[in-house]
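# sequence and predicted model, in that order:
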Amino acid sequence: MRSLSALELLNIWEWGHNQPSWSRAIKLLSSACPETSIDMLTQLSLGQRDAMLLTLREWTFGSQLVSQVTCPSCGEVLELDFDIAEMRLASLSIESVEKYRFELADYQVSFRLPNSLDMIAIAEYKQPEIAQEILLERCILEVVCDGKYLPFQQLPSHTRDVIIAQMAQVDPQANVSIDISCSACNHQWRSLFDIVSFFWSEINAWAFRVLREVHTLATAYSWREAEILAMSPRRRQLYLDMVAH
């Protein structure tokens, strides 16, 4: 995997304007990993995918993550400042494990981890319960009880809950949560950290800022967009400072 140039990132941003989250994630990784096929990237577990996106984000914008959240209790706007290392729960790897197995009482269960292809399959379902049901059915490969294969529909609810917990345990990067405490009212809660949405929101803000810089420098010096984007951020800022003064 390699870092992306300003021009590459701007092109990805423009392409991804109306794309779903999973598509943006794969586009970013396929651009940063030209030696890896799209098929392989879409079959990575969500945790593997997100671990790669964390690294790409660090190479693009640095290790510090800054965000704002609103307290659900009092409405106070809080600023969160943390390091990527705090969000990294898995090592960077594109090696896939096709099957996991565990036993629960009389059940022997085999499953695989959810991937981007599964996100595509459940995208049309707006009810979380239905989407989770379909996702689980796709990922459970085999259930044997007392020597007999058990259809997914006959799987007890408590067994399904255990399977979901097992998936989370073997792929922790897919469900990263942040403990938050409100400084105004002391309310505490946990919030999921979605690297895809977080990274894309940063790319969106960056793109608008860079395009304004391109406009300013192109107007002042008649330079082409590619020439301006090829500059380092520091050099571009120096020219912007000279134009301002």
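In hand now; what should we look at? Numbers count the residues shown, from 1 in each chain.
# center of this structure, which residue is that?
For the chain, the residue nearest the mean C-alpha position is residue 196 (3.0 Å; CA atoms, centre = their mean).
# wait, that residue touches residue 50, no?
Yes - if you go by CB atoms under 8 Å, residue 196 and residue 50 touch, sitting 7.3 Å apart. In this view, the C-beta of every residue, glycine as well, is placed from N, C-alpha and C.
# pLDDT score for residue 94?
pLDDT recorded at residue 94 is 64.
# same question for residue 97.
Looking at residue 97, its pLDDT stands at 67.
# ranges for the strands of this protein?
64-70, 77-83, 100-104, 107-111, 140-145, 148-149, 176-181, 188-193 (DSSP state E).
# now what about the fourth one, what contacts it?
Same thing as strand 107-111. Defining contact as CB atoms under 8 Å, 6 or more residues apart in numbering, one finds that strand 107-111 is touched by 99-103, 139-145, 150, 159, 163, 166-167.
# so how do I select the buried members of the residues you listed in ChimeraX?
Filtering these down to the buried ones (16 or more other CB atoms under 10 Å) takes a single ChimeraX command:
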select :100,139,140,143,145,150,159,163,166,167
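# if we can go back for a sec, closest to residue 90 out of the strands of the chain?
Nearest of those to residue 90, taken as CB to CB: strand 176-181 at 9.6 Å.
# what is the mean pLDDT for stretch 209-218?
When pLDDT is averaged along stretch 209-218, the result is 97.
# returning to what we had before: please name whichever of the strands of the chain is nearest to residue 230.
Of those, nearest to residue 230 by CB to CB is strand 64-70, at 25.8 Å.
# in its sheet, what does that closest one sit against?
Each strand paired with strand 64-70, and its direction, by DSSP bridges: strand 77-83 (antiparallel).
# now the angle from the partner strand to strand 176-181?
Angle between the axes of strand 77-83 and strand 176-181 is 130 degrees (criterion: axes from the mean of the first three to the mean of the last three CA atoms, to 10 degrees).
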